[in-house]
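Sequence plus predicted model, see below.
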Amino acid sequence: MKLPAFFEPIVFGLLLSGLMSLVVSGIATWNALGFVADFTPRWLESWLFAWAVAFPSVLVIAPLVRRITRTLVARPTPN
């Protein structure tokens, strides 16, 4: 069962923000602490906090970034 197309931007934002915050929080946690014994739980705690901020941020910022992108990128001309 699939979600209606209406939800595509929300699902995209959820997945993108989740994966990006996972990677960035992992790098930041490793940079701050090194690979300590309790690295994984600290990383996951950091990631959940980061994702809670990243997801609504993506939903708010994405339309602005799309508009800016459209002004910077040439559109194909119809033949």
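Cool, got the structure. Quick caveat, the model's predicted, so the values are computed rather than measured.

list the buried ones in the helix or strand where residue 31 lies?
Element membership for residue 31, per DSSP states H and E: helix 8-33. Across helix 8-33, burial judged by 16 or more other Cβ atoms under 10 Å covers 13-14, 17-18, 21-22, 25-26, 29. Yep, even glycine has a C-beta here, placed from its N, CA and C like the rest.

Give me the residue at the spatial middle of the chain.
residue 17 (1.9 Å; Cα atoms, centre = their mean).

Let's see the pLDDT reported for it.
The model reports residue 17 with a pLDDT of 92.

my guess is it meets residue 61, correct?
No - using Cβ atoms under 8 Å, residue 17 makes no contact with residue 61, being 10.2 Å away.

The helix or strand in which residue 70 is found vs helix 8-33, what angle?
Here residue 70, judged by DSSP H and E, is contained in helix 39-72. With axes from the mean of the first three to the mean of the last three Cα atoms, to 10 degrees as the basis, helix 39-72 and helix 8-33 are set at 130 degrees to each other.

now helix 39-72, how far from the chain's geometric center?
Distance of helix 39-72 from its chain centroid, counting by Cα atoms, centre = their mean, to the nearest Å, is 4 Å.

Quick check: buried residues in it?
Quick answer for helix 39-72 (16+ other Cβ under 10 Å): 42-43, 46-47, 50-51, 54-55, 58.

Residue 16 is in contact with residue 59, isn't it?
No - if you go by Cβ under 8 Å, residue 16 and residue 59 don't touch, sitting 10.4 Å apart.
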